[in-house]
Structure formats: C-alpha cells, structure tokens
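Visitor: Quick one, fold the following:
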Amino acid sequence: MLEHPNVESVRRSYDAFNNGDLDTVGKRLADDVVWHVPGRSSIAGDYEGRAATLAYLRRLGELTDGSYQAELHVAVGDDEHVITIDHSSARRAGKTYGESEIVVFRFHDGRIAEAWQAWMNPYQHDEFFAPSPTTHQEEVS
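Guide: Model (predicted):
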C-alpha cells in the first residue's frame, strides 16, 4: 500500500533532519510556517516563518553538538494532517536525553504549514534544554 504523499514528505524531512540536511527540510516548509514548541525551556516558543523554524531546528543541533536525533516510529496522515510518533535523543553538557514525542503537522498546498510538538515527559525536556547558568546570566545582562 502506498503512503500518502504528505506522509512521505514528513518521512523524508525526518531523514534529512537526522542527516543535518536542513536545506531539504526547508523545501518542505511553507513560507509562513508556524512551529509550536511547548514548555519553559530555552527553546520553547512559537517559531513563525521558514527562517525562524530552520533556526530552531539548527539550534537543536548547536545545543547538542549535533547529537540530536528523532527516530521516526509511526507516521499517518491525509491531505491536511500528518501525525508522527518518534523517539528523540541527544547529549548535552554531560547529560543524555531520550523520550517519545508526538508531532502533528498541518499541510497546506503540499507543504508543512504548522507543527505542534508534544513530549511524553515535558519536564524532562524542559530540564534538558534549560539554559545553563552561564547562558542565562549572559541573556539577562
């Protein structure tokens, strides 16, 4: 059975992200995409537009020295939405991180127009991506 083209697009986006190919990811995003990252971590917020969304995805790599990976387990969808379950993992400042997440992608004209991430343990995510004391101090200054 063939997958819906939007599901295939998301699968290719996961592969590209995991290989550091943000150019390919960017081609699958609408110009006015909005990416929602819940929580209170240093990376939480709403990223509006392709450039801001790619900056967020790039920041994941920067904060984890390129170790952030999202292993896709399930992807289902139709003309309007794709829902995924993945296992994300990373290393940062001597800590390791790993947990499952759900992402809901909304499509418009064949491109990702909006995405909502939801972690199974949001407190673990917030703690892992909390600003370091040095970073927080620099931001306040």
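Visitor: Would you quantify the distance from the closest residue in space to Y56 that isn't next to it in sequence to L22?
Guide: Leaving aside its sequence neighbours, Y56 sits nearest to Y47 (CB to CB, 6 or more residues apart in numbering; 4.6 Å). Where C-beta positions appear, they are placed from N, C-alpha and C, glycine not excepted. To L22, Y47 is 13 Å away according to CB to CB, to the nearest Å.
Visitor: swap in L29?
Guide: 10 Å.
Visitor: hmm, back to that, pull out the buried residues from the helix or strand containing the residue nearest to Y56.
Guide: For Y47, the element it lies in under DSSP states H and E is strand 45-48. Residues of strand 45-48 classed as buried by neighbour count (16 or more other CB atoms under 10 Å): Y47.
Visitor: May I have the strands that pair with that strand, each with its orientation?
Guide: Strand partners for strand 45-48, identified by DSSP bridges, are recorded as strand 29-37 (antiparallel).
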